[in-house]
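# how would this look folded up:
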Amino acid sequence: MAKASLGVAAEAEGVADAIRTLGRVDKELKKDLVKSMKKAADPLVNEARSLVPTAKPLTNWYGWKGGYTPAKVKRGISVSQRNTAQRTRSGQQQETIKLLALKQTNAAGAIYDIAGRANGAGRNSEGAPRGRAMIEKLNEQGTASRTLWPAAEKRLGEVQDAVKDAIKDMENYIEKGLG
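Sure thing, here's the model as predicted:
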């Protein structure tokens, strides 16, 4: 079974080529940079995890495979790094890459976070009364995006500064090695 994934991403220009080149020159150095960037995103992950309710948001949310377990929902929130440029709809490679992405890989966590975003017009949505009731109940705790986006809005600037610092530290390390 494929994992559900939901994410919030920040894009950075000009870093893609540097990371690719670093990977060709020294794979361990690239790993260290990626590790530093992910570490810089810890405040964002912690903020999103703090927004996960400790009680089940729906009283009947149990018994199905992957039911709502707060600890598992919190573990499903993480940061990933992909150093590949995405393609536009016309097939052209974009100049920017999604440097880091905050994502939710737990199915129940993704449902909790985003249910109701399409306002009853989502894919395969039939506007069933049970679905509307579920969304109304979840909306008592905030409208869709309940964890990832609010965390990103609150901590993104701090994380971007820390990622810039990690990249600058790596640049200084390389310059020192070359000099």
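
# in the protein, which spans are helices?
According to DSSP state H, the chain carries its helices in the segments 15-25, 27-40, 42-50, 70-75, 107-114, 129-139, 148-178.

# Can you give me the distance of residue 100 to residue 146?
21 Å (Cβ to Cβ, to the nearest Å). Every C-beta, even on glycine, is put in place using the N, C-alpha and C of the backbone.

# Sorry, wrong one. I was asking about residue 72.
In this view, residue 72 and residue 146 are 16 Å apart by Cβ to Cβ.

# who's more crowded, those two?
When neighbours are counted by other Cβ atoms under 10 Å, residue 146 comes out ahead of the other of residue 72 and residue 146, with 24 against 16.

# which non-adjacent residue is nearest the more buried one?
For residue 146, ignoring the flanking residues on the chain, the nearest one in space by Cβ to Cβ, 6 or more residues apart in numbering is residue 113 at 5.2 Å.

# Pretty sure the one you found sits against residue 143.
No - with contact defined as Cβ atoms under 8 Å, residue 113 does not reach residue 143; the gap is 10.9 Å.

# for the helices of the chain, which one sits closest to residue 59?
With Cβ to Cβ, the closest approach to residue 59 among these belongs to helix 129-139: 8.5 Å.

# The closest one vs helix 107-114, what angle?
Note on geometry: by axes from the mean of the first three to the mean of the last three Cα atoms, to 10 degrees, helix 129-139 and helix 107-114 are set 70 degrees apart in direction.

# Now helix 129-139: buried residues?
The neighbour-count criterion (16 or more other Cβ atoms under 10 Å) identifies 134, 135, 137, 138 as the buried residues of helix 129-139.

# want to throw these into TSV with distance to residue 35?
Conversion of the buried residues of helix 129-139 to TSV gives the following (distance: Cβ to Cβ, whole Å):
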residue	distance to residue 35
134	39
135	39
137	40
138	35
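
# Which pair of those residues spans the longest distance?
Put simply, by Cβ to Cβ the two of the buried residues of helix 129-139 set farthest apart are 135 and 137, 7.3 Å from each other.

# Any buried residues in stretch 41-51, and which?
Here stretch 41-51 shows 41, 44, 45, 47, 48, 49, 51 as buried, counting by 16+ other Cβ under 10 Å.

# who touches it?
Contacts of stretch 41-51 from elsewhere in the structure, counted by Cβ atoms under 8 Å, 6 or more residues apart in numbering, are 74, 77-79, 100, 102, 104, 146-148, 150-152, 154-156, 158-159, 162-163.

# Next: stretch 155-172.
Taking Cβ under 8 Å, 6+ apart as the rule, stretch 155-172 contacts 10, 12, 15, 18, 22, 29, 32-33, 36-37, 39-41, 43-44, 47, 99-100.

# try 10 Å this time
8, 10, 12, 14-15, 18-19, 22, 29-30, 32-48, 79, 99-100, 102, 149, 151-152 (Cβ atoms under 10 Å, 6 or more residues apart in numbering).
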